[in-house]
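In: Sequence isn't available, so here's the structure alone:
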């Protein structure tokens, strides 16, 4: 379990798959009932851990909780930084006007870079043990994570649209 907000998603996915090969209930059907129950319970915990750790916002919330006991609300906290809100608005406007997969991928790459930069800031605040700074950064991180998700949806939609046009 990482003790900091940054991690290698590919290594996380690899570790998740390794652990699921051991604990997945479908792979433990021949074991006795008690061992099947333990495997199913462990697989459930592994899935939950992976969902938390693979999402940067959930990972930061979890780290805040285990390191300071601070429980963060599930809803997005709106930061008072008007320049951030303007950037988010502009990014969403670009997404809504996106007409090509190339444009969509470019917007996605920009949003992924912004998300990575914010994860760096969160990591810095975490290293300083600055809880207030972490809470502020978490709010910004939530916006960028949502923009990346929305960008992926737009790219997926444009790819499907392109495939249908070719058929």
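Out: Everything's here; your move. Note that the structure is predicted; figures quoted are calculated from it, not measured. Numbers count the residues shown, from 1 in each chain.
In: Helices of the chain, residue ranges please.
Out: Along the chain, counting by DSSP state H, helices occupy 9-23, 33-54, 56-68, 82-97, 101-128, 131-166.
In: how about the shortest one: buried residues?
Out: By neighbour count, and taking 16 or more other C-beta atoms under 10 Å as the criterion, the buried residues in helix 56-68 are 56-57, 59-64. No exception for glycine: its C-beta is placed from N, CA and C like everyone else's.
In: With the fourth one instead?
Out: Of the residues in helix 82-97, those with enough neighbours to count as buried (16+ other C-beta under 10 Å) are 84, 87-88, 91, 94-95.
In: Save the residues you listed as a markdown table, and put in pLDDT too.
Out: Formatted as a markdown table, the buried residues of helix 82-97 follow (pLDDT from 0 to 100):
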| residue | pLDDT |
| --- | --- |
| 84 | 81 |
| 87 | 86 |
| 88 | 86 |
| 91 | 90 |
| 94 | 92 |
| 95 | 91 |
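In: which one of the residues you listed is nearest residue 130?
Out: Distance to residue 130 across those (C-beta to C-beta) is lowest for residue 84, with 18.5 Å.
In: Could you check how far that closest one is from residue 58?
Out: Distance, residue 84 to residue 58, using C-beta to C-beta, to the nearest Å: 20 Å.
In: got a list of what the residue nearest to residue 53 when sequence neighbours are not counted touches?
Out: Leaving aside its chain neighbours, residue 53 sits nearest to residue 59 (5.3 Å; criterion: C-beta to C-beta, 6 or more residues apart in numbering). Counting by C-beta atoms under 8 Å, 6 or more residues apart in numbering, residue 59 touches 2, 5, 7, 52-53.
In: Name the nearest of those relative to residue 131.
Out: Set against residue 131, the nearest of the contacts of residue 59 by C-beta to C-beta is residue 5 (13.3 Å).
In: Distance check, residue 43 against residue 25.
Out: From residue 43 to residue 25 the distance is 6 Å (C-beta to C-beta).
In: centre of the chain versus stretch 33-42, how much separation?
Out: Computed by C-alpha atoms, centre = their mean, to the nearest Å, the separation of stretch 33-42 from the middle of its chain amounts to 29 Å.
In: I am finished for the moment; much appreciated.
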